[in-house]
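Participant: here is my input; please provide its structure:
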Amino acid sequence: MKFTKAFWILTVAIVFLLLTGCTGTTDPNENEGTETGEITINLYFSDSDAQYLVADPVQMTNPSPKDVIQQLINGPTDEALIRTMPENIKVKDINIDERIAYVDFSKEMGEAINGDYGTSTASQLLLYSIVNTLTLNDQFEIDEVKILVEGEDIGLGPFGKIGPQKPNLDIIKP
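Facilitator: Below is the predicted model:
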């Protein structure tokens, strides 16, 4: 009799806890920003020596990959960092297929790649600022990035035509 009574009391207590949603204590800051959709995005810009990329964290509200690349074009918020592409470039479209982002830029990207940004180091910083920004921000679920200009694969400066690129962690400043 005592076992049955204790069993029923324990069962009722467990059911009560489950129904009231007792989940323990929570950190009040745990979901900070999620109600408004504001999240931290790391944009990758050149360091002052133009040798490495450095993350420049920014707060954005419900950003799409296109919004993030536009923010990258706008330039860094940290004055110690250097933009990796000219501000006259436009993002025409971004299509994602099987975790590969196809980023289509305006003709100004082609002019930059074959002009002032045509050196090996500048092209590498430009390419991986885009690739690392899209692939290392996990919410986009992008593994690789392919750069297009006016819908065409024109190549990337001294590298010529290249396939979709994975993130390059070696170019990020330690």
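Participant: CA only for contacts and neighbour counts going forward, please
Facilitator: Will do.
Participant: can you pull the contacts of the spatially most central residue of the chain?
Facilitator: Note on the chain: the residue nearest the mean C-alpha position is residue 137, at 3.1 Å, using CA atoms, centre = their mean. Residues counted as contacts of residue 137 (CA atoms under 8 Å, 6 or more residues apart in numbering) are 41, 42.
Participant: again, only using 10 Å
Facilitator: Counting by CA atoms under 10 Å, 6 or more residues apart in numbering, residue 137 makes contact with 40, 41, 42, 43, 65, 68.
Participant: the fifth one contacts residue 96, doesn't it?
Facilitator: Translated: residue 65. Yes. With contact defined as CA atoms under 10 Å, residue 65 and residue 96 form a contacting pair (9.4 Å).
Participant: shared neighbours of these two, which are they?
Facilitator: 103, 140, 142.
Participant: so how do I select the buried members of those in PyMOL?
Facilitator: Here is the PyMOL selection string for the buried members of the shared contacts of residue 65 and residue 96, based on 16 or more other CA atoms under 10 Å:
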select buried, resi 103+142
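Participant: I'd like the shared contacts of residue 65 and residue 96 laid out as a markdown table, including secondary structure and distance to residue 162.
Facilitator: Output for the shared contacts of residue 65 and residue 96, formatted as a markdown table (DSSP: H, G, I helix; E, B strand; the rest coil; distance: CA to CA, whole Å):
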| residue | secondary structure | distance to residue 162 |
| --- | --- | --- |
| 103 | strand | 14 |
| 140 | helix | 22 |
| 142 | coil | 18 |
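Participant: how about the shared contacts of residue 65 and residue 96 in JSON lines, adding pLDDT and distance to residue 163?
Facilitator: Shown next, in JSON lines, are those (pLDDT from 0 to 100; distance: CA to CA, whole Å):
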{"residue": "103", "pLDDT": "97", "distance to residue 163": "12"}
{"residue": "140", "pLDDT": "96", "distance to residue 163": "20"}
{"residue": "142", "pLDDT": "98", "distance to residue 163": "15"}
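Participant: on that earlier part again, would you mind measuring from the residue nearest to the centre of the chain to residue 68?
Facilitator: 10 Å (CA to CA, to the nearest Å).
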